[in-house]
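J.: sequence below, structure please.
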Amino acid sequence: MRSRLLFWALTALSLPAQSSLQSRQQDLNYVATRLSQLDPNFFATLSQSAFQQAVASLQTDLPALADAQFYVRLAQLVAMPGDAHTYLYLSNMPGMQTFPLHLRWLDDGVFVTSAAPEYLQALGARIVAIDGTPIDQVMQQLGTVIPHENDQWLHYVAQTYLLQQQTLQGLGVASPDSATTITFQGLDGSQFTLAVTPSTDPRTSLVNADTGFIPDYLLNSSTNYWFHYFPDTRMLYFKYNVCQNDPANPFPSFAASFLNTLDASPVDTLVLDFRGNTGGSDSLFNPLYNGVVSRLGTLRRNANFALYVAIDKGTFSSAMDDSEVFKQPGLPVPARVIGEPTGGKPSHYGNVNSFTLPASQIPGQYSTTVNAAPSYIPANASSFEPDIPISTRSTDYFARFDPVMAAMLARSAGPPPAPSGGIITVNGASLRTDQGMVPGSVAAAFGQFPVAPDGVLIAGAAAQVLSAATSQVNFIVPPDSPLGTQPVSVTAGGSQIAAGTVTISAAGPGIFVLQPGNPQQPGAVENQDYSINSPSNPVASGGVVQIYATGYSAASPIQVLFGDAPAQVLYSGTVGAGLWLVDAVVPAGVTGLCPIFVLAGGFTSNAVTVAIQ
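T.: Residues are numbered from 1 along each chain as shown. The predicted structure is shown next:
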């Protein structure tokens, strides 16, 4: 670390200043004096002496800094109050260049979702280091530049900041070279490093409409708001992308059209999706909110009706405020808030004004008021929390699967308790910790065993071991296993070598993945002629596929969906120890790569992709 700091110091002294000392002084003076006066809450939690010390430090270093270092240091001053609504737009830094990638922060890390042609190897891979600095340390550095009140917002904003070469250089994370080395890791665990150069080259996405299905929450991202009614599932879906009126489609008229559809259509599932909405005007939403609430008394006459509000780390400011109102007590139908904790904090600053630095003309914004959390939301909460927590992993995103939508259609109460202890026992098909095990299903226990196990006990009952190694044992859950959280014991030679707990559930479908290292998760799926489904061997729309899964339960009726479209199930039953076969008809009109998943007993499976022509 010391050698890097020395390298930076020598490099900064040798580089000619890109902006004059006078212009830098003007911008520093503005932040040091004017901005702290404009924002009435600038020192609400920030010590004035700490701020002045940081200003003095930057003043001392002013002549020796490269532009990237200076403006990043300036942004750190603006971020010191920790107010996520007060910040400097570093994307407008002079000379700013960005890498030709798109990123998405998912439950298991930050992944490349699109890339320029020369970096296609990175598609679907996770970033693990930048110029040798581990991503966790990079995020600690970015946290000094990105004002945030929780890690959710830090991760959401970092999707953009991680692509800004000058921001990374100003932090000392990336060297001043023209290319920045980024280390990636694939799903198979292999790592590789690319020297990435900023450019405006067009990017190719791994998930795009040209090659197949796109989940609803990713559609129409440039549209402020939209809705769609799905007659096959009796679902009315509203997506709120930004709290801003569209003059071409005024929100009051849009809300009236939405409510007319709600009145005219049989609706079992009403979804109000605020994911990725970073705010705007919270009052814009009032016509739709008031219209929905006034109809809840009628809607609840339908015993199958449920109201869902979807949130995630991108739900912020006014969008979070609008989602919170559905938790106020006394609504005829309680809303089920589902997804991830918000990037916004319930008690937060807001009502922002803009500013522009006098010399560089870099814009920014500052908050003017304090917005207290509603009385029915915990005042000290760092996020607005979902009632039903549903995470989205890379294998969901790249398989074109929305686990939040699936959980709503399944009427899920949330994932069962996660496995714990010295071994992690998971569904043997999905290998996910957020799914339960069904008696008689295939399971896998992972750990570090001194020898290969030869036995597994669930609640004291012996399981049938299928295969074993020193890190994994595959087995059949005993058919008579009691439901609930149960002890798991892994044995060798009659002695216990590891122990933990697992949740045994009445339903827990999991679909086998043909290539687990492929981020798009091609499934263990055969076409009707028993050939393996693949992009080079697709099934015809309207044809039949055979889906290999585990977690069969005769007591739990199932539903199979291809994206948004429910399929006709021709057969569902066991075909061997722990193995479950489902024959389903591909819904008409579905083409390209498409996720398929199974709903059963309030649980949803993982998704795999199939190719359809």
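J.: can you map out the helices along the stretch 401-550 of the chain?
T.: 403-410 (DSSP state H, counting those that start in this stretch).
J.: ditto for the chain
T.: Here the chain has its helices, by DSSP state H, at 2-14, 21-29, 36-38, 48-61, 67-79, 135-142, 151-161, 165-170, 251-264, 286-299, 318-324, 394-397, 403-410.
J.: buried set for the fourth one?
T.: Within helix 48-61, the residues that count as buried by 16 or more other CB atoms under 10 Å are 51, 54, 55, 58. All C-beta spots, glycine's among them, are computed from the backbone N, C-alpha and C.
J.: I'd like these as TSV, with pLDDT and distance to residue 380 appended.
T.: Output for the buried residues of helix 48-61, formatted as TSV (pLDDT from 0 to 100; distance: CB to CB, whole Å):
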residue	pLDDT	distance to residue 380
51	97	25
54	98	27
55	98	31
58	98	33
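J.: any chance of these in TSV, plus distance to residue 289?
T.: Listed next are the buried residues of helix 48-61 as TSV, based on distance: CB to CB, whole Å:
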residue	distance to residue 289
51	40
54	42
55	44
58	45
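J.: hang on, the earlier thing: can I get the helices of the chain in TSV including distance to residue 200?
T.: Shown next, in TSV, are the helices of the chain (distance: least, CB to CB, whole Å):
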stretch	distance to residue 200
helix 2-14	26
helix 21-29	27
helix 36-38	34
helix 48-61	32
helix 67-79	19
helix 135-142	23
helix 151-161	15
helix 165-170	13
helix 251-264	34
helix 286-299	38
helix 318-324	30
helix 394-397	25
helix 403-410	33
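J.: against residue 403, how distant is the closest residue to residue 216 other than its chain neighbours?
T.: In this structure, residue 216 finds its nearest non-sequential neighbour in residue 237, 5.9 Å apart by CB to CB, 6 or more residues apart in numbering. Between residue 237 and residue 403 the distance is 16 Å, computed by CB to CB, to the nearest Å.
J.: more neighbours, the two?
T.: Using other CB atoms under 10 Å as the criterion, residue 237 and residue 403 rank with residue 403 on top: 29 against 23.
J.: wait, that one touches residue 397, no?
T.: No. Using CB atoms under 8 Å, residue 403 makes no contact with residue 397, being 9.6 Å away.
J.: where in the protein is pLDDT low?
T.: Along the chain, segments meeting pLDDT under 70 span 1-18.
J.: can you tell me which residue sits nearest the middle of it?
T.: For the chain, the residue nearest the mean C-alpha position is residue 106 (3.8 Å; CA atoms, centre = their mean).
J.: residue contacts, it?
T.: Shown in contact with residue 106 (CB atoms under 8 Å, 6 or more residues apart in numbering): 392, 393, 394, 396, 397.
J.: need the contact list for the residue lying closest to residue 188 once chain neighbours are set aside.
T.: In space, and not counting its chain neighbours, residue 188 is closest to residue 517: 3.4 Å by CB to CB, 6+ apart. Going by CB under 8 Å, 6+ apart, residue 517 touches 186, 187, 188.
J.: quickly list the domain ranges of the protein.
T.: 1-198, 216-344+383-410, 420-426+440-502, 510-612 (automatic domain parsing).
J.: nearest to residue 365, of these?
T.: With CB to CB as the criterion, residue 365 lies closest to domain 1-198 of these, at 6.7 Å.
J.: how distant is that closest one from the center of its chain?
T.: 22 Å (CA atoms, centre = their mean, to the nearest Å).
J.: offset the numbering so it begins at 21, please.
T.: Got it, first residue is 21 now, which makes that one domain 21-218.
J.: where exactly do the strands run in the stretch 321-470 of the chain?
T.: 326-331, 356-359, 368-370, 373-376, 383-386, 389-391, 408-409, 440-441, 444-447, 462-466 (DSSP state E, counting those that start in this stretch).
J.: for residue 384, which of the helices of the chain is the nearest?
T.: Comparing the helices of the chain by CB to CB, helix 87-99 comes nearest, at 6.4 Å.
J.: that closest one: which residues count as buried?
T.: For helix 87-99, by 16+ other CB under 10 Å, it's 87-99.
J.: quick one: contacts for the residue nearest to residue 236?
T.: Contacts of residue 257 by CB under 8 Å, 6+ apart are 236, 247, 248, 249, 250, 291, 293.
J.: any idea how far residue 369 lies from residue 172?
T.: Taking CB to CB, one finds residue 369 at 17 Å from residue 172.
J.: residue 305 and residue 265 touch, don't they?
T.: No. Applying CB under 8 Å, one finds residue 305 not in contact with residue 265, separated by 10.6 Å.
J.: more neighbours: these two, which one.
T.: residue 305 (23 against 16).
J.: returning to what we had before: how about the buried residues of helix 87-99 in JSON lines, adding distance to residue 441?
T.: Putting the buried residues of helix 87-99 into JSON lines (distance: CB to CB, whole Å) gives the following:
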{"residue": "87", "distance to residue 441": "53"}
{"residue": "88", "distance to residue 441": "48"}
{"residue": "89", "distance to residue 441": "48"}
{"residue": "90", "distance to residue 441": "51"}
{"residue": "91", "distance to residue 441": "49"}
{"residue": "92", "distance to residue 441": "44"}
{"residue": "93", "distance to residue 441": "47"}
{"residue": "94", "distance to residue 441": "49"}
{"residue": "95", "distance to residue 441": "44"}
{"residue": "96", "distance to residue 441": "42"}
{"residue": "97", "distance to residue 441": "47"}
{"residue": "98", "distance to residue 441": "46"}
{"residue": "99", "distance to residue 441": "41"}
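J.: now for the residue lying closest to residue 241 once chain neighbours are set aside: which residues touch it?
T.: Take residue 241 and drop its neighbours on the chain: the residue closest to it by CB to CB, 6+ apart is residue 261, 6.4 Å away. Contact analysis of residue 261 by CB under 8 Å, 6+ apart lists 240, 241, 243, 244, 245, 246, 296, 297.
J.: pipe the residues you listed into TSV and attach distance to residue 529 per row.
T.: Shown next, in TSV, are the contacts of residue 261 (distance: CB to CB, whole Å):
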residue	distance to residue 529
240	30
241	31
243	34
244	37
245	34
246	31
296	28
297	31
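J.: most neighbours among those residues, which one?
T.: residue 297 (28 neighbours).
J.: now do it against residue 565, distance only.
T.: 36 Å.
J.: what do you get for residue 255?
T.: 24 Å.
J.: what is the neighbour count of the nearest residue to residue 376 once chain neighbours are set aside?
T.: In this structure, residue 376 finds its nearest non-sequential neighbour in residue 383, 5.1 Å apart by CB to CB, 6+ apart. Counted with other CB under 10 Å, residues neighbouring residue 383 total 13.
J.: and the gap between residue 383 and residue 62?
T.: Distance from residue 383 to residue 62, by CB to CB: 18 Å.
J.: for residue 491, same thing?
T.: 53 Å.
J.: when the two are compared, which one has more neighbours?
T.: A direct count of neighbours by other CB under 10 Å for residue 491 and residue 62 places residue 62 higher, at 21 against 11.
J.: that one: what's it in contact with?
T.: 55, 56, 101, 103, 106, 386.
J.: where does it fall, phi/psi-wise?
T.: phi -60, psi -40 (degrees, to the nearest 10).
J.: what about the longest strand in this protein?
T.: Ranked by number of residues, the top strand in the chain under DSSP state E is strand 585-596.
J.: ok, back up a step: closest one to residue 351 among the helices of the chain?
T.: Nearest to residue 351, of these and by CB to CB, is helix 306-319 at 6.1 Å.
J.: list the helices and strands that closest one packs on?
T.: helix 271-284, strand 289-293, strand 326-331 (3 or more CB pairs under 8 Å, 6 or more residues apart in numbering; DSSP states H and E).
J.: thinking again about what came up before, spit out the residues that contact residue 305 and residue 265 alike.
T.: residue 271.
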